[in-house]
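1. Sequence first, then the predicted structure, then my questions.
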Amino acid sequence: MRRINVCPICSSGELSHHSEVIDHSISKEKFTLSQCLNCDFLFTNPQPKAGDLWKYYESVDYVSHSKTSQGFINYWYRRVQKLNLQLKYNALKYYVPRGTWLDYGAGGGDFVRFISQKRINIIGLEPSETARINAHKDGIKLKPTEYLNSIENESLACITLWHVLEHIHNFQEVVTSLLYKLQSGGLLVFALPNHLSYDSQIYGANWAALDVPRHLWHFTQTDIQNIATQHSLTLVKTKGMLFDSFYVSLLSEKYQSGSKIKGFWNGLVSNLKASKEQNPFSSQIYVLRK
Ligand SMILES: [Zn+2]
């Protein structure tokens with residue numbers, strides 16, 4: 001395990017014990033969250049080392065890497081996935097300049113295929129070899145993340161990380177290396193869960209989007225704003241991911257043996273509160289401009 005003694009956003013060494021969270025989906029192990037006393041950044045601490053993290057991904061339940069439609073929640077996830085792809089594209093299309101896109105952490109490659117079908121040139125990078133092989137079977141070509149080094153500097157129009165940044169140990173370094181590849185005026189786009197959402201507050205330590213230890217970092221909009229300032233980026237838009245609140249609430253109910261109806265209800269209330277700006281959405285898209 002790797003203990004973090006300094007906040008990776010503000011470099012403060014003053015960290016507090018926040019809470020204990022169980023990995024419900026795979027290992028059933030207990031993990032601790034720390035919070036920075038200076039900037040409020042929340043993160044899993046200690047974290048499994050990069051070489052050990054793979055153990056916590058080996059599950060057929062990890063839907064973003066598999067194509068299985070078994071079970072009600074996976075069925076729901078597959079149904080809304082198409083709508084979700086359109087929602088992601090709509091969040092960007094009016095802001096992105098002409099040029100090649102890059103999807104970093106492309107998973108099963110669905111976004112890469114969706115964008116290719118719009119006759120936009122897009123490169124998909126994915127660290128998991130299993131995910132790359134599965135994508136290849138579906139006719140989607142993904143490259144390992146090291147391929148980033150061979151992309152020309154300042155050549156990309158848009159770089160997307162859909163629920164990816166929270167999985168990366170050295171996220172600040174990765175953001176820096178991605179920005180080298182982005183042209184001036186290009187977009188860096190993150191989708192991330194937000195633990196200040198209503199559904200997070202309802203489920204507390206059972207909130208499924210904490211997803212320890214796969215989620216190393218638990219970002220809020222303030223954190224993203226701070227990161228943007230550090231890298232001289234402008235936050236041009238945020239957008240709620242309307243379907244994630246339902247998916248996450250259903251999964252959270254499953255972890256505490258609750259009901260599907262309650263899960264749907266809490267997902268709906270979360271979206272309504274977020275629309276009225278009482279809370280952030282369960283998951284948000286952040287569009288940043290270089
Ligand atoms: Zn901090």
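-> On my side now, so go ahead.

2. Could you tell me what pLDDT the model assigned to residue 62?
-> In this model, residue 62 is scored at 55, pLDDT.

3. Now the residue in the stretch 51-200 of the chain that the ion sits nearest to: closest residue in space that isn't a chain neighbour?
-> As assessed by C-beta to the ion, the ion sits closest to residue 172 within the stretch 51-200 of the chain, at 12.0 Å. C-beta coordinates here come from the backbone N, C-alpha and C atoms, glycine included. Closest residue to residue 172 apart from its sequence neighbours, by C-beta to C-beta, 6 or more residues apart in numbering: residue 8 at 5.8 Å.

4. what stretches of the stretch 1-150 of the chain score poorly on pLDDT?
-> Applying pLDDT under 70 to the stretch 1-150 of the chain flags the ranges 58-70.

5. where exactly do the helices run in it?
-> With helices called from DSSP state H, counting those that start in this stretch, the stretch 1-150 of the chain shows them at 72-92, 110-116, 129-137.

6. Give me the distance from the first one to the chain's centre.
-> In terms of C-alpha atoms, centre = their mean, to the nearest Å, the centre of helix 72-92 is found 14 Å from the chain centre.

7. who does that helix touch, helix- and strand-wise?
-> helix 110-116, strand 156-162, strand 182-193, strand 234-240, helix 244-255, strand 283-289 (3 or more C-beta pairs under 8 Å, 6 or more residues apart in numbering; DSSP states H and E).

8. could these be laid out in CSV, adding distance to residue 25?
-> Formatted as CSV, the helices and strands packed on helix 72-92 follow (distance: least, C-beta to C-beta, whole Å):
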stretch, distance to residue 25
helix 110-116, 21
strand 156-162, 19
strand 182-193, 14
strand 234-240, 24
helix 244-255, 8
strand 283-289, 17
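
9. Any chance of a markdown table for these, columns mean neighbour count and distance to the ion?
-> A markdown table is the format used below for the helices and strands packed on helix 72-92 (neighbours: other C-beta atoms under 10 Å; distance: least, C-beta to the ion, whole Å):
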| stretch | mean neighbour count | distance to the ion |
| --- | --- | --- |
| helix 110-116 | 20 | 31 |
| strand 156-162 | 24 | 21 |
| strand 182-193 | 21 | 17 |
| strand 234-240 | 15 | 18 |
| helix 244-255 | 24 | 25 |
| strand 283-289 | 23 | 18 |
